[in-house]
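> Predicted coordinates and the sequence they were generated for:
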Amino acid sequence: MEELKKSIGLRCTFCHSVLFALPHEKYAPLHGSLIVCANCGRENDVTSLIFVVKAKAMNIAEDYADKLIDKFQKDLKKAFKGSKHLKFK
């Protein structure tokens with residue numbers, strides 16, 4: 001399960017920087033609000049950035065699930081390799 005611990009940060013839509021100019025340290029922007037990129041100075045919609053992060057997280061989860069399914073299939077084939085009653089295609 002350690003390989004599932006990944007960090008996905010918000011990135012500026014325009015310059016792909018991870019640095020944003022926030023008013024104070026514990027600032028948590030609301031959906032629909034705008035945050036300014038500290039690199040290029042352009043405003044980014046927080047909701048759009050969160051959608052991008054969710055999509056990346058789903059891709060990571062799907063890739064991991066595919067790897068688990070492949071491993072499970074290989075393990076099943078290996079476990080029942082000499083069986084007369086079970087055949088795998």
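Yes, it's here.
> Off-centre distance for stretch 25-45?
Centroid separation for stretch 25-45 versus its chain: 20 Å, with Cα atoms, centre = their mean, to the nearest Å.
> Quick one: residues contacting the residue nearest the centre of the chain.
Closest residue to the average C-alpha location of the chain: Ala57 at 2.0 Å, with Cα atoms, centre = their mean. The neighbours of Ala57, taking Cβ atoms under 8 Å, 6 or more residues apart in numbering as the test, are Ile8. To be clear about C-beta, it is placed using only N, CA and C from the backbone, and glycine gets the same treatment.
> Surely it is in a helix?
Yes. Under DSSP: H, G, I helix; E, B strand; the rest coil, Ala57 falls within a helix.
> Do a quick rundown of the strands in this protein.
Assigned by DSSP state E, the chain shows strands spanning 20-21, 34-37, 43-45.
> Kindly reformat these as TSV containing distance to Gly82 and mean pLDDT.
What follows is the strands of the chain, written out as TSV (distance: least, Cβ to Cβ, whole Å; pLDDT from 0 to 100):
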stretch	distance to Gly82	mean pLDDT
strand 20-21	59	92
strand 34-37	61	95
strand 43-45	59	96
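> Including mean neighbour count and distance to Phe72, could the ones you listed go into JSON lines?
Below are the strands of the chain laid out as JSON lines (neighbours: other Cβ atoms under 10 Å; distance: least, Cβ to Cβ, whole Å):
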{"stretch": "strand 20-21", "mean neighbour count": "15", "distance to Phe72": "41"}
{"stretch": "strand 34-37", "mean neighbour count": "16", "distance to Phe72": "42"}
{"stretch": "strand 43-45", "mean neighbour count": "16", "distance to Phe72": "40"}
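> Using CSV, please lay out these together with distance to Ala79.
Output for those, formatted as CSV (distance: least, Cβ to Cβ, whole Å):
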stretch, distance to Ala79
strand 20-21, 51
strand 34-37, 52
strand 43-45, 50
